[in-house]
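>>> Predicted structure and sequence below. I'll ask about it afterward.
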Amino acid sequence: MRMTVIGCSGSYPGPDSCASCYLLESEWEGRTWRVLVELGNGALGQLQRYVDPLTIDAVLFSHLHADHCLDLCGYYVMRKYHPTGPQPPIPVWGPPGTADRMAHAYDLPLDPGMNEEFDFRTYADESFRVGPFEVTPVPVDHPVDAFGLRIAADGATIGYSGDTGPCAGLDRVAEDVDLLLAEASFRTGDDNPPNLHLTGTDCGDVAARSRSKRLVLTHIPPWFDKQAALAEATTAYDGPVELAQPGAVYEL
């Protein structure tokens with residue numbers, strides 16, 4: 001399994017990165033399967049640096065805030081009006097209401113909305129498969145319906161926090177994973193609201209507690225110093241820690 005960071009800026013695009021988007025790839029049954037985790041502001045443009053977006057097999061949303069899902073609007077246009085003709089629907093997994101949220105985002109009537117371009121599916125309390133990928137959604141703590149994701153393929157597992165405060169669901173996402181991709185939107189010592197985001201220290205704590213083998217910090221807003229988040233995490237976790245960077249590739 002291979003993960004490429006397409007975008008990792010927190011809450012809005014920054015000068016060096018678009019908002020959240022991660023490309024997962026795995027060889028299976030004679031071809032490369034590709035899944036997008038998130039498709040936030042600006043991500044569709046950057047995705048084209050790495051792959052043809054029409055080769056994506058599925059999209060997974062952790063939640064429906066704009067910095068995680070809004071570029072599905074552009075992707076809808078690409079798949080509907082491409083010069084080679086309308087593309088076959090692909091699955092888009094997300095919380096309840098994803099289809100309606102995306103129709104509203106592009107000012108479409110709810111029927112048909114984007115349902116002719118995408119096969120919208122709602123997370124349930126069970127794992128599902130997309131080709132070689134086994135995906136386990138786990139509810140986490142955020143002001144809207146939100147999920148962390150455990151994604152396994154080729155004998156390896158990635159844990160993705162989505163956006164969340166510290167919670168039992170996050171511990172489940174991180175347990176024994178080969179790579180924990182965790183958001184570090186807050187700073188330790190600030191007056192942070194509860195049940196919203198993680199600090200670098202929180203990320204390090206959960207990685208250590210859950211025996212994650214590697215920690216990658218992401219979703220750091222442009223107004224904060226990324227190196228400060230990295231320093232926080234390394235004080236709480238003695239395993240490998242690094243900052244997500246656009247274009248970074250992780251082979252698992």
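Cool, the structure landed.

>>> and the gap between Ser127 and Gly247?
Applying CB to CB, to the nearest Å, the value for Ser127 to Gly247 is 30 Å. Every residue, glycine included, has its C-beta placed from N, CA and C.

>>> Do a quick rundown of the helices in this structure.
With DSSP state H as the criterion, the chain has helices at 43-47, 66-69, 72-81, 98-105, 168-174, 200-209, 226-236.

>>> I'd like to know which elements the fifth one is packed against.
Right, helix 168-174. With contacts defined as 3 or more CB pairs under 8 Å, 6 or more residues apart in numbering; DSSP states H and E, helix 168-174 has these neighbours: strand 133-139, strand 147-153, strand 156-160, strand 179-183, helix 200-209.

>>> Now do the contacts for the closest residue to Gly7 other than its chain neighbours.
In this structure, Gly7 finds its nearest non-sequential neighbour in Cys18, 3.6 Å apart by CB to CB, 6 or more residues apart in numbering. Taking CB atoms under 8 Å, 6 or more residues apart in numbering, we find Cys18 in contact with 6-7, 9, 40-43, 45-46, 246.

>>> What residues are bridge-paired with Val5?
Beta-bridge partners for Val5, by DSSP bridges, are Tyr22.

>>> That one: how many residues sit nearby?
23 (other CB atoms under 10 Å).

>>> Can you get me a residue count around the residue lying closest to Pro95 once chain neighbours are set aside?
Closest residue to Pro95 apart from its sequence neighbours, by CB to CB, 6+ apart: Asp145 at 3.8 Å. Asp145 has 17 neighbours, counted by other CB under 10 Å.

>>> how close does Asp145 get to Thr122?
Distance from Asp145 to Thr122, by CB to CB: 10 Å.

>>> try Gly113
15 Å.

>>> any weak-confidence spans in the stretch 151-252 of the chain?
Nowhere does the stretch 151-252 of the chain drop to pLDDT under 70.

>>> how near is Arg2 to Lys226?
Distance from Arg2 to Lys226, by CB to CB: 23 Å.

>>> Same drill for these two, tell me which one is more crowded.
When neighbours are counted by other CB under 10 Å, Arg2 and Lys226 differ, and Lys226 comes out ahead with 21 against 17.

>>> now, of the helices and strands packed on helix 168-174, which is deepest in the fold?
strand 179-183 (a mean of 28; mean count of other CB atoms under 10 Å).

>>> gap between the two ends of stretch 189-203?
15 Å (CA to CA, to the nearest Å).

>>> Check stretch 28-40 too.
Note: stretch 28-40 ends 27 Å apart using CA to CA.

>>> Tell me which residues are up against it.
By CB under 8 Å, 6+ apart, the list of residues contacting stretch 28-40 reads 6-7, 13, 18-27, 47, 51, 55-62, 66-72, 75, 130-133, 149, 151, 153, 160.

>>> Whichever of those end up buried, select them in ChimeraX.
Buried members of those, defined by 16 or more other CB atoms under 10 Å, are picked up in ChimeraX with:
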select :6,7,13,18,19,20,21,22,23,24,25,26,47,51,56,57,58,59,60,61,62,67,68,69,70,71,72,75,130,131,132,133,149,151,153,160
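
>>> Please point out which parts of stretch 76-88 sit buried.
76, 79, 87.

>>> Nearest to Ala103, out of the residues you listed: which one, please.
Tyr76 (9.5 Å; CB to CB).

>>> hang on, isn't the closest one packed against Met102?
Yes. Counting by CB atoms under 8 Å, Tyr76 touches Met102, with 7.4 Å between them.
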